[in-house]
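need coordinates for the below:
(2 chains)
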Amino acid sequence: MTIGEKMPGYEPSSFEPKWQEFWETHKTFKTEDISEKPKYYILDMFPYPSGTGLHVGHPEGYTASDIFSRYKRMKGFNVLHPIGWDAFGLPAEQFAVKSGTHPAATTQRNIETFKRQIKSLGFSYDWDREVNTTDPKYFKWTQWIFLQLYNRGLAYVAEAPVNWCPELGTVLANEEVIDGRSEVGGFAVVRKPMRQWMLRITAYADRLLEDLEDLDWPEKIKAMQRNWIGKSLGAEVDFLVDPQSGVHAKLRVFTTRPDTLWGATFMVLSPEHSLVEALTTQEQKAAVAAYQEATASKSDLERTDLSKDKSGVFLGSYAINPVTDEKIPIWIADYVLASYGTGAIMSVPGHDQRDWEFAKKFGLEIREVISGGDVLQEAFAGEGVLVNSARFDGLPTDLAKTRVTEWLEAEGLGKGAINYKLRDWLFSRQRYWGEPFPIVWDAEGNPLALPEEMLPIELPQVSVYKPSGTGESPLASVPEWVNTTHPESGAPVTRETNTMPQWAGSCWYYLRYIDPNNDQVAWDPAKEKYWMPVDFYIGGAEHAVLHLLYARFWHKVLFDCGVVSTKEPFQKLFNQGMILGFAYKDKGGNYIHADKVTKSEDKAIHKETGETLEILIEKMSKSRGNVVNPDDVVSQYGADSLRLYEMFMGPLAATKPWDSDGVSGVYRFLARSWRLVVPQGDGEVVVSDKIRNDATIDDETLRLLHKTIKKVTLDIEGLAFNTAISQLMVCLNHLSKLEVVPAQAARTFVLLLSPFAPHLGEELWHLLGGADTLAYTPWPEYDEALCVDDMVTVAVQIMGKTRTTFDVPRDADQEFVLAAAKELPAVQKHLEGKTIRKAIYVPGRIVNFVVGG
RNA sequence: GCCGGGAUGGCGGAACGGUAGACGCAGGAGACUUAAAAUCUCCCACCUCAUGGGUGUGCGGGUUCGAAUCCCGCUCUCGGCACCA
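Residues are numbered from 1 along each chain as shown, chains lettered A, B, ... in the order given. Prediction:
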């Protein structure tokens, strides 16, 4: 689109940078630490400053939170709206490995790009509160929080099978492994035992679950967290190993179905179970060893592949079912996981599909103990009534679970138990670019916490960033850093060479924003009390379990330490939807970059070959060639148009495709808003003489204005920005047609527009005689009485079919309206020869005649 | 398989149980212009023997004077989880 030649048209580039500079130099959005005003803390999810810069998906959430922030300021709130950088992480380190550039330099450059881009969109952040997780002044306190965890026994070292990624040379958390491959890079992941720092998040499982109740979060996210924590109620039951086998041991199992105990016809241990060796008979030794080896070399992907057949090996020995006293065979199989429950199960093939498949394959007995299905055809896992279960026969499932558990406890055979899917959090990484642990090791191999006064523990300079491949971080190859003395005893010690995962810095950044420059404490308690909790947290759903669960965990620990005043950090959470982009594929199935495509009508044509391409709507990514850069949109249409389009596309929560043509629509709206105030002329920017201070507002305009204030206000509160914008369009369409525009009406319109298009808002406000900035001008109020019309259009239906409409006074009574409706010619026609059986009038809405005969 | 969302014109999307399709994009017609761009005005679900009538919110039922909206049963689709005993 070319901007009209006549000056002074709507030219965002002529004033957008000016206002950005104004806000910056006047510190317009500087937040008072503590104020008499009510507080409102609105937070964007912590961005990772990647090398590729922003794409149009990023500003969606930022724009929404900015609109809300600006609105809240105008409503009289003291608003905390900060931004910063989650800047540790793998990409900068991988770049360092390849190029030798220090990750700090890469990080710095990326942050500058992000800042430039973000600032060009006019977001109202308090830049004095910017934080950066890689800054020693910041990670000093990340390390301090780790010490609090350590001192409370929540951080420990364990030799644990971990997700080892040879390609990345590091271990990964369960959450960073997707389908047996690394989330970053998609490399294969194998299991390998290693010494690792773990955080005891499982100790908080119940609180993390229960406290979800009071949070104003999307149900979907709560469900995902509940699912991740995976609380199961059941029982632990002890199975005695058959004394004839010569082994005196008990096998403990966890089951959620104690009511099916009479149907347990065999047992299965995980291949890693500690009693496997002892329970393996001589004849089975070779087969068992081979199976264990095969399992160990399998990747998690192979091991969890559902479509594969059940596999397993008989150990040769037997256990005694404690309720039937029968001998049942003990097997190992990889469908039983070492890391869940006790690593052993009682197999009830009649009532568990996995056990059923296993029994079928190996010819094991399937016994029905719950009636209601046909266990010869498939396992019956539903609820039913107990059979073949001695004195418990006839009990329904739920009652039987309780009764059997009570009986097991009384008999000393078992007890009620709870299990969680949630595992402790694997907290160390074999990387350079992360926070060092404030831990040293003594000569005996005991970890010692360094005193708080020594923080921060900074990263040393290294010459090589590549992981050694042995599982040690690049820090291990810096002896002058590793070898040190203990500050108190003076004894020689070695530093922990692992670093913390990227999640560490983002677990508490929202607390640092409250008091970002404090070098005495992590944050001032009085300020924390004033600002917490975060009132509104906006970000993508990709953080549903990882970041949000970890941050909640840390927050609860800090709460127990008495350093935060709320038990939850984020009161309200909202996930904006993903923005997709049009992608194009040729006949060969290759993606064609959007630059090489012309769209005409509904077809996409390859500019060079003329081939008609397939049009797809997919997630934006470099490889698909469908990334839209906000810089391009800003230079073509201006920041306000980008912001407005992001919000106008559809509901904030919805996934929606970016259509660059759509930007021109909102651009045209902003240009018409400009022309409402500044006429198309040939000279300098002057306010239109149609705008008059002395003009009185006609009734129709006044009512439309109040309706608009109401709709925009309620829509902002409900995050329905798309419909707020459409109402502003309706309002402007009307104002544009007026011969004389009362200045008061124009000013109100500008105020309502300003959170969405703040640059244009400020510029027009200024032209209309407003003082320096409108950022703190009170938000317009509406009069409910002026939000309705005196005359309303009522639809007239015969048998629920609309036949015509007519206007009546809003407060006309039913009798009058029904009588008037009957007289309408269009109604008469349909009533002819018929009897009105029932007449309904919904005031101001509809008349419906039910007829018969 | 389990848990969540969705499905409305050519497209993005609006609609307290009450006139389905607001607002915008694309498209069409016109005005202005030497012309184009920009701007402005109007049209724009489908069918039809058009001042009217009929059909329409993924499919099939139901509740109701009245259903895109509520209930029951499906289909398709997008996210997430997935051998968790």
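
any residues of the stretch 201-350 of chain A in contact with RNA strand B? List them.
When proximity is defined as Cβ under 7 Å from any atom of the strand, the stretch 201-350 of chain A approaches RNA strand B at A:219-220, A:223-224, A:227-228, A:230, A:232, A:234, A:253-257, A:270, A:303-306, A:308, A:310, A:334-337, A:340-343, A:345, A:348. C-beta here means a position set from N, CA and C on the backbone, and glycine is covered the same way.

okay, and which of those residues map to helices?
Taking DSSP state H, the ones among those that sit in helices are A:219-220, A:223-224, A:227-228, A:303.

of the residues of the stretch 201-350 of chain A next to RNA strand B, buried ones?
A:224, A:228, A:234, A:253-255, A:257, A:270, A:303, A:310, A:334-336, A:340-343, A:345, A:348 (16 or more other Cβ atoms under 10 Å).

burial count for the closest residue to RNA strand B within the stretch 501-650 of chain A?
Nearest residue of the stretch 501-650 of chain A to RNA strand B: A:Gly650, at 3.2 Å (Cβ to the nearest atom of the strand). As a burial measure, A:Gly650 scores 14 neighbours (other Cβ atoms under 10 Å).

and it, which helix or strand is it part of?
In this assignment (DSSP states H and E), A:Gly650 forms part of neither any helix nor any strand.

look up the closest residue to it, ignoring the ones flanking it.
Leaving aside its chain neighbours, A:Gly650 sits nearest to A:Lys656 (4.6 Å; criterion: Cβ to Cβ, 6 or more residues apart in numbering).

just checking, that neighbour touches A:Gly581?
No - under the criterion of Cβ atoms under 8 Å, A:Lys656 is not in contact with A:Gly581, lying 10.6 Å apart.

which one of those two is surrounded by more residues?
The neighbour count for A:Lys656 versus A:Gly581, taken as other Cβ under 10 Å, is higher for A:Gly581 (23 against 18).

if I pick A:Leu408, what's in contact with it?
Contact partners of A:Leu408, counting by Cβ atoms under 8 Å, 6 or more residues apart in numbering, are A:235, A:237, A:258, A:414-415.

what subset of the residues you listed is buried?
A:235, A:237, A:258, A:414.

quick check, pLDDT for the first one.
So that's A:Ala235. The model reports A:Ala235 with a pLDDT of 94.

beta partners for it?
Beta-bridge partners for A:Ala235, by DSSP bridges, are A:Thr255, A:Gly416.

returning to that earlier point: so what's the residue of the stretch 501-650 of chain A closest to RNA strand B up against?
Per Cβ under 8 Å, 6+ apart, neighbours of A:Gly650: A:577, A:656, A:722.

ok, now how distant is it from A:Gly57?
Distance of A:Gly650 to A:Gly57, computed by Cβ to Cβ, to the nearest Å: 14 Å.

one more: A:Lys415?
From A:Lys415 to A:Gly57 the distance is 51 Å (Cβ to Cβ).

cool, A:Phe437 as well?
34 Å.

between the two, which has more neighbouring residues?
Between A:Phe437 and A:Gly57, counted using other Cβ under 10 Å, the more crowded position is A:Phe437 (24 against 21).

from what I can see that one touches A:Ala504, true?
No - look at A:Phe437 against A:Ala504 with Cβ under 8 Å: they stay out of range, at 10.0 Å.

between the two, what contacts are shared?
Common neighbours of A:Phe437 and A:Ala504, using Cβ under 8 Å, 6+ apart, are A:Phe146.

pLDDT weak spots in chain A?
Judged by pLDDT under 70, chain A has its weakly predicted residues at A:1-8, A:173-175, A:179-180, A:299-308, A:469, A:600-602, A:681-683, A:853.

can you do 50?
Counting by pLDDT under 50, chain A has low-confidence residues at A:1-7, A:306.

narrow the buried ones among the contacts of A:Leu408 to those in strands?
A:235, A:237, A:414 (DSSP state E).

which residue is nearest the middle of chain A?
A:Ala541 (2.6 Å; Cα atoms, centre = their mean).

where along the stretch 451-600 of chain A do the strands fall?
In the stretch 451-600 of chain A, the strands defined using DSSP state E, counting those that start in this stretch lie at A:483-485, A:492-495, A:536-539, A:573-575, A:579-585, A:591-592, A:597-600.

ranking those strands by burial, who's on top?
Ranked by mean neighbour count, these are led by strand A:536-539 with a mean of 23 (mean count of other Cβ atoms under 10 Å).

now that strand, how far from the chain's geometric center?
Per Cα atoms, centre = their mean, to the nearest Å, the displacement of strand A:536-539 from the mean C-alpha position of its chain is 9 Å.

packing partners of it?
Under the contact definition 3 or more Cβ pairs under 8 Å, 6 or more residues apart in numbering; DSSP states H and E, strand A:536-539 sits against strand A:39-44, helix A:58-74, strand A:573-575.

next secondary structure after the longest one?
Looking back up the chat, that one is helix A:58-74. Taking DSSP H and E, what comes next after helix A:58-74 is strand A:78-80.

quick one: the helices in the stretch 501-650 of chain A?
Applying DSSP state H, counting those that start in this stretch to the stretch 501-650 of chain A gives helices spanning A:503-506, A:509-512, A:525-531, A:546-560, A:630-637, A:639-648.

could I get the ones you listed as TSV with mean neighbour count and distance to RNA strand B?
Putting the helices of the stretch 501-650 of chain A into TSV (neighbours: other Cβ atoms under 10 Å; distance: least, Cβ to the nearest atom of the strand, whole Å) gives the following:
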stretch	mean neighbour count	distance to RNA strand B
helix A:503-506	24	15
helix A:509-512	24	23
helix A:525-531	16	31
helix A:546-560	21	9
helix A:630-637	18	12
helix A:639-648	27	7
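
TSV for those helices, including distance to A:Phe816?
Formatted as TSV, the helices of the stretch 501-650 of chain A follow (distance: least, Cβ to Cβ, whole Å):
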stretch	distance to A:Phe816
helix A:503-506	65
helix A:509-512	60
helix A:525-531	57
helix A:546-560	58
helix A:630-637	52
helix A:639-648	42
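
so which of those helices gets nearest A:Glu213?
helix A:546-560 (12.9 Å; Cβ to Cβ).

who touches the closest one?
Helix A:546-560 has contacts (Cβ under 8 Å, 6+ apart) with A:45, A:145, A:148-149, A:152, A:154, A:175, A:199, A:201, A:204, A:207-208, A:211, A:221, A:225, A:228, A:425, A:503, A:506-508, A:510-511, A:564-570, A:573.

same question for stretch A:442-457.
A:136-137, A:139-141, A:143-144, A:147, A:150-151, A:157, A:436-441, A:486-488, A:491-493, A:495-496.

of the residues you listed, grab the buried ones for PyMOL.
Typed into PyMOL, the line below selects the buried ones among these, using 16+ other Cβ under 10 Å:
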select buried, chain A and resi 139+140+141+143+144+147+150+157+436+437+438+439+440+441+493+495+496
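
keep only the contacts of stretch A:442-457 that also lie close to RNA strand B.
Okay, of those, nothing touches RNA strand B (Cβ under 7 Å from any atom of the strand).

which residue ranges form the strands in the stretch 601-750 of chain A?
A:603-606, A:612-619, A:656-657, A:691-692, A:741-742.

near RNA strand B at all, the first one?
No - against RNA strand B, strand A:603-606 shows no contacts by Cβ under 7 Å from any atom of the strand, the least distance being 10.9 Å.

buried set for that strand?
A:604-605.

give me the distance from that strand to the chain's centre.
Worked out by Cα atoms, centre = their mean, strand A:603-606 lies 36 Å from the chain centre.

quick check: neighbours of that strand in the sheet, parallel or antiparallel?
Assessed with DSSP bridges, strand A:603-606 is paired to strand A:597-600 (antiparallel), strand A:612-619 (antiparallel).

how about the fourth one?
According to DSSP bridges, strand A:691-692 forms sheet pairs with strand A:741-742 (parallel).

anything in the partner strand near RNA strand B?
No - counting by Cβ under 7 Å from any atom of the strand, RNA strand B has no neighbours in strand A:741-742; the shortest distance is 14.5 Å.

contacts for that strand, please.
Counting by Cβ under 8 Å, 6+ apart, A:676, A:688, A:690-693, A:695-697, A:701, A:735 sit against strand A:741-742.
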